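> the amino acid sequence is not available; the structure is as follows:
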């Protein structure tokens, strides 16, 4: 089963993945979308961001194609990756706990201290593939602000439902997205139905 989604000026069919007996989500896997799709989507997303973005940041790994192409569209030569897995160069990283709808257990976002100068006192846009519950974006914003960044936007290819608004609270107006998708809940008859409430 698939869901037809609009991402800016482009449409695509997203496969549905079951998270539990009564909840399924549409999977937008950026690594599978192709270079032309990502380049066009990133140009459109970059156009939604406020003027004067100096750095694009993202969380590994599905946000990487978004960050690379948005940085390119903005004419930037650098971007920042917040890592989710421990690496040798991240032993002394700034760390922020995060839980994602697709990964389950609590993870940690890590910002390499060697990259602090990249974001300190600079206008930063955090970009990702999907803003769903908002917990990943909220953790990223906390981490970036601890590093001294002035976060000016949260960009996403799509938002999923509206649960992210409550999680992000006063930061919700920073979100810019090319589209929105529902989650899917099983009805009493056993059919999957769109749910926009989260």
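Nice, thanks for sending it over. Every value quoted in this text rests on a predicted model; they were computed, and no experiment measured them.
> not counting its neighbours along the chain, what's nearest the spatially most central residue of the chain?
Centrality entry for the chain: nearest residue to the mean C-alpha point is residue 128, 2.3 Å, by C-alpha atoms, centre = their mean. Spatially, and ignoring its direct neighbours in sequence, residue 128 is nearest to residue 63 (4.3 Å; C-beta to C-beta, 6 or more residues apart in numbering). From N, CA and C alone the C-beta is placed, and that goes for glycine too.
> touching, that neighbour and residue 125? I think so.
No: using C-beta atoms under 8 Å, residue 63 is not in contact with residue 125, being 11.6 Å away.
> neighbour count winner among these two?
For residue 63 versus residue 125, the count of surrounding residues by other C-beta atoms under 10 Å is larger for residue 125: 30 against 27.
> that one against residue 149, yeah?
No: when contacts are counted by C-beta under 8 Å, residue 125 is not listed as touching residue 149 (9.9 Å).
> need the residues touching each of the two.
By C-beta atoms under 8 Å, 6 or more residues apart in numbering, residue 125 and residue 149 have these common neighbours: 55, 57.
> for residue 150, what are its contacts?
Taking C-beta under 8 Å, 6+ apart as the criterion, residue 150 is in contact with 121, 122, 123, 124.
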